[in-house]
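*Asks:* Predicted coordinates and the sequence they were generated for:
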Amino acid sequence: MGHVILLGDSIFDNARYVPDRPPVIEQLRRSLPGGWLASLLAVDGHMVGDVVTQLGRLPSDATHLVVSAGGNDALSEIATLAEPTDTVAEGLRLLRTVQGEFRDAYRSMLVAACATGKSPAVCTIYDAIPGLGPAELAALALFNEVILREAFRVGLPIVDLRLVCDHADDYSSVSAIEPSMTGGLKIARAIAELVTTHDFGQRRSAVFN
């Protein structure tokens, strides 16, 4: 038995985007075995740097941490995609700088999560959002590369939301960048499988979808 804490942003804190429907936290509670608990510390709009503050509010009986963060960091860089450049190489150098800043923030967050002594896991940023353009898809790939590399570096398991939420129905009609009830259930089931089957003692990465 365990107590799963959801950290990060509106991928988990999605109640306002599924009116009159169960949000991710409720779906997770229903997906976990009897005796398990789940609590929500994620906050709509928070970025990777905010997760460290969320970690300061962990309940004493927390056993597993699942972080979904980075989407708002990517959104904050939308203006960068519109910046003019003279060559493709110059554009790539600009994106590389953005990626490096995100890497530093994400690595610091993982250090803090691992220092809690709990069992952490992370999520990638999904990219099957209806209407997402090719430039946004390319930028998200840079952010996801950081998430995967940093998780692999310290041996954490990953819920790959790119594979979990792969259909238009997985996204909310209220806001297309948020999970719907259908997508939320798929996320909850992937998390439940991860925390109940993964051997965190091995410090070896595995991907769940």
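*Replies:* Cool, got the structure.
*Asks:* And the helix or strand of the chain with the lowest mean pLDDT, what does it pack against?
*Replies:* Every helix and strand of the chain was ranked by mean pLDDT, DSSP states H and E. The lowest is helix 78-81, at a mean of 72. Using 3 or more Cβ pairs under 8 Å, 6 or more residues apart in numbering; DSSP states H and E as the contact test, the elements touching helix 78-81 are helix 88-114, helix 134-154. C-beta: built from backbone N, CA, C; applies to glycine.
*Asks:* Tell me which residue lies nearest the centroid of the protein.
*Replies:* Ser68 (2.0 Å; Cα atoms, centre = their mean).
*Asks:* Distance of the closest residue to Gly91 other than its chain neighbours relative to Leu137?
*Replies:* Leaving out its chain neighbours, the residue that sits closest to Gly91 by Cβ to Cβ, 6 or more residues apart in numbering is Thr85, at 4.2 Å. Per Cβ to Cβ, to the nearest Å, Thr85 is found 19 Å from Leu137.
*Asks:* And Arg16, by the same measure?
*Replies:* From Arg16 to Leu137 the distance is 26 Å (Cβ to Cβ).
*Asks:* hang on, the earlier thing: can you flag the weakest of the helices and strands packed on helix 78-81 by average pLDDT?
*Replies:* Lowest mean pLDDT within those: helix 88-114, at a mean of 89.
*Asks:* ok, then the element right after it?
*Replies:* Counting by DSSP states H and E, the element after helix 88-114 in chain order, helix or strand, is strand 119-123.
*Asks:* For that following strand, report the contacting residues that lie outside it.
*Replies:* The contact list for strand 119-123, computed with Cβ atoms under 8 Å, 6 or more residues apart in numbering, reads 8, 11, 63-68, 110, 113-114, 147, 151, 156-161, 187, 191, 194-195, 198, 200.
*Asks:* got the end-to-end distance for stretch 4-14?
*Replies:* End-to-end span of stretch 4-14 (Cα to Cα, to the nearest Å): 17 Å.
*Asks:* Now it: average pLDDT?
*Replies:* Here the average pLDDT along stretch 4-14 is 97.
*Asks:* With stretch 156-173 instead?
*Replies:* Per-residue scores along stretch 156-173 average to 97.
*Asks:* Please name the nearest non-neighbouring residue to Asp73.
*Replies:* Met47 (5.0 Å).
*Asks:* Which pLDDT does the model give the one you found?
*Replies:* Taking Met47 on its own, its pLDDT is 96.
*Asks:* what helix or strand does Leu163 sit in?
*Replies:* helix 161-164.
*Asks:* just Leu6 next, same as before
*Replies:* Using DSSP H and E, Leu6 falls in strand 3-8.
*Asks:* Thanks again, I'm all set now.
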